[in-house]
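**Student:** Fold the following for me, if possible:
(one chain, ligands or ions: 1)
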Amino acid sequence: MIPGEDPDQLLDEANVRRLLARHSAEDSRLEISRKVIYHFHARTAERWRDGRIFLAGDAAHLTPPFAGQGMNSGVRDAANLGWKLAACIRGELGAGLLDSYESERKPHAWALIRMAVRMGHVMMPRSRVQALLTQSAFRALSLYKPARDYVMQMKYKPQPHFEQGFVDGAAGGSLRGRMFPQPVVERADGSRVLLDTLLGKGFAVLEWDDGRHPVSEARENRVPGATMVRIIPRDHRFVGNAVAAAPGIEVRDVTGAIGAVFDRAAVRGVVLRPDRYVAASVSRESDAEEADRMLASLLRLSQSARAQSTERKRLELAIA
Ligand SMILES: Cc1cc2nc3c(=O)[nH]c(=O)nc-3n(C[C@H](O)[C@H](O)[C@H](O)COP(=O)(O)OP(=O)(O)OC[C@H]3O[C@@H](n4cnc5c(N)ncnc54)[C@H](O)[C@@H]3O)c2cc1C
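**Tutor:** Residues are numbered from 1 along each chain as shown. The predicted model follows:
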């Protein structure tokens, strides 16, 4: 609606048909099953938690539909909160962990809302001249494939990255708080599977074993509930768990994707959360016990009392 338009007049059936006829005479004769004026918003709730009550999905954040991301954000909320609630209810992790839900999710939900607002400006031109300029610009961009892919595949979309929350350590800053990739890996029997299918439902520790660093012995006994995965480079041979220094799952980085990620971040291991975000990294310089220490430190973090989030204050100011 343009300021000054009357909602009742706009929804009048003859008017709806007149608007449709401008684009297609055929469409203007279709049966109209529903007509409604939809109000969209760009807002997030001030608090996403009050004691035992949590807000998720549209109850926590409302986004204009231009980016088609509202449900995506809601699903991310559920994925973030779900495993934390389960772990706390089972008594595996402390209730302090639940505070990380808002500090991890709110910045990303708000970043997508701002992106949708910007897209709305592009998709709702205020004049024919603006519409013509915008459409011409996109037509020109579409001639250059990388530019077309950038727009069509929404490569400008902000990726989730937890600056605060249930993340720890200084190593591998570019990986920490980000989702770990999902490459194909090869098992000792030659079968190839997506990495996630091997990781189970809890924490997982991925350790790079190129023979140059000592791998810890029988570590799985000291990291309760965590799946230990030893990854060998694609040109290495399987050692076999029975004779390997470290038990757990052994896979080959058959695509080279994991090695590349580890190389870029200068790490040789990561602690993955149940939602497959990187909780902490093990630096190349660290000794073999580092992942255990990381996990122990994360568990302590989860026991901590209500975390004071400076991010929350910053966002409230931004929204105001
Ligand atoms: C036009 C439009 C286009 C969109 N396009 C996209 C898209 O392309 N991609 C995308 O990801 N998202 C899109 N969205 C957003 C997406 O639809 C919402 O983000 C999503 O549906 C929110 O899910 P939700 O479960 O949080 O809330 P809702 O879907 O609102 O569900 C809440 C439910 O709770 C019920 N309820 C309310 N009060 C009570 C009560 N007191 N007791 C019991 N039940 C109650 C309601 O009836 C409702 O069923 C679009 C939205 C619109 C409006």
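**Student:** Could you say which helix or strand holds the residue nearest to residue 66 when sequence neighbours are not counted?
**Tutor:** Leaving aside its chain neighbours, residue 66 sits nearest to residue 119 (4.1 Å; criterion: C-beta to C-beta, 6 or more residues apart in numbering). From N, CA and C alone the C-beta is placed, and that goes for glycine too. Using DSSP states H and E, residue 119 maps to helix 100-123.
**Student:** next structured bit after that helix?
**Tutor:** helix 128-142.
**Student:** residues in contact with that next one?
**Tutor:** 122, 125, 147-148, 151 (C-beta atoms under 8 Å, 6 or more residues apart in numbering).
**Student:** Please name every helix or strand in contact with the helix or strand following that helix.
**Tutor:** Next in sequence after helix 128-142, counting helices and strands by DSSP H and E, comes helix 145-152. Judged by 3 or more C-beta pairs under 8 Å, 6 or more residues apart in numbering; DSSP states H and E, helix 145-152 is in contact with helix 128-142.
**Student:** Only alpha carbons, please: show the helix it packs on as CSV.
**Tutor:** Output in CSV follows, covering the C-alpha atoms of helix 128-142 (Å, rounded to 0.1, in the frame of the first residue of the first chain):
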residue,chain,number,x,y,z
ARG,A,128,8.8,4.2,-12.4
VAL,A,129,12.3,5.7,-12.8
GLN,A,130,13.6,3.9,-9.8
ALA,A,131,12.0,0.7,-11.0
LEU,A,132,13.5,1.1,-14.4
LEU,A,133,17.0,1.8,-13.0
THR,A,134,16.8,-1.1,-10.6
GLN,A,135,15.7,-3.6,-13.2
SER,A,136,18.3,-2.4,-15.7
ALA,A,137,21.0,-2.8,-13.1
PHE,A,138,19.9,-6.4,-12.4
ARG,A,139,19.7,-7.2,-16.1
ALA,A,140,23.3,-5.9,-16.6
LEU,A,141,24.5,-7.9,-13.5
SER,A,142,22.9,-11.1,-14.9
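**Student:** and that helix, which residues are buried?
**Tutor:** Buried residues in helix 128-142, defined by neighbour count with 16 or more other C-beta atoms under 10 Å: none.
**Student:** Quick check: mean pLDDT of it?
**Tutor:** The average of the pLDDT scores along helix 128-142 is 93.
**Student:** For the ligand, tell me whether the helix holding residue 119 is touching it.
**Tutor:** No. Counting by C-beta under 6 Å from any ligand atom, the ligand has no neighbours in helix 100-123; the shortest distance is 9.6 Å.
**Student:** Using PDB, list the CA coordinates for that helix.
**Tutor:** Output of helix 100-123 as PDB, limited to C-alpha atoms (Å, rounded to 0.1, in the frame of the first residue of the first chain):
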ATOM      1  CA  SER A 100      23.600 -18.600  25.400                       C
ATOM      2  CA  TYR A 101      20.500 -19.100  23.300                       C
ATOM      3  CA  GLU A 102      19.600 -15.500  23.000                       C
ATOM      4  CA  SER A 103      23.200 -14.200  22.800                       C
ATOM      5  CA  GLU A 104      23.900 -16.600  20.000                       C
ATOM      6  CA  ARG A 105      20.700 -16.300  18.000                       C
ATOM      7  CA  LYS A 106      19.700 -12.700  18.300                       C
ATOM      8  CA  PRO A 107      22.500 -11.000  16.400                       C
ATOM      9  CA  HIS A 108      22.000 -13.300  13.400                       C
ATOM     10  CA  ALA A 109      18.200 -13.000  13.400                       C
ATOM     11  CA  TRP A 110      18.600  -9.200  13.500                       C
ATOM     12  CA  ALA A 111      21.200  -9.200  10.700                       C
ATOM     13  CA  LEU A 112      18.800 -11.100   8.500                       C
ATOM     14  CA  ILE A 113      16.000  -8.700   9.300                       C
ATOM     15  CA  ARG A 114      18.200  -5.800   8.300                       C
ATOM     16  CA  MET A 115      19.000  -7.500   5.100                       C
ATOM     17  CA  ALA A 116      15.300  -8.100   4.400                       C
ATOM     18  CA  VAL A 117      14.600  -4.400   5.000                       C
ATOM     19  CA  ARG A 118      17.300  -3.500   2.500                       C
ATOM     20  CA  MET A 119      15.900  -5.900   0.000                       C
ATOM     21  CA  GLY A 120      12.500  -4.400   0.500                       C
ATOM     22  CA  HIS A 121      13.800  -1.000  -0.600                       C
ATOM     23  CA  VAL A 122      15.000  -2.600  -3.800                       C
ATOM     24  CA  MET A 123      11.900  -4.700  -4.400                       C
END
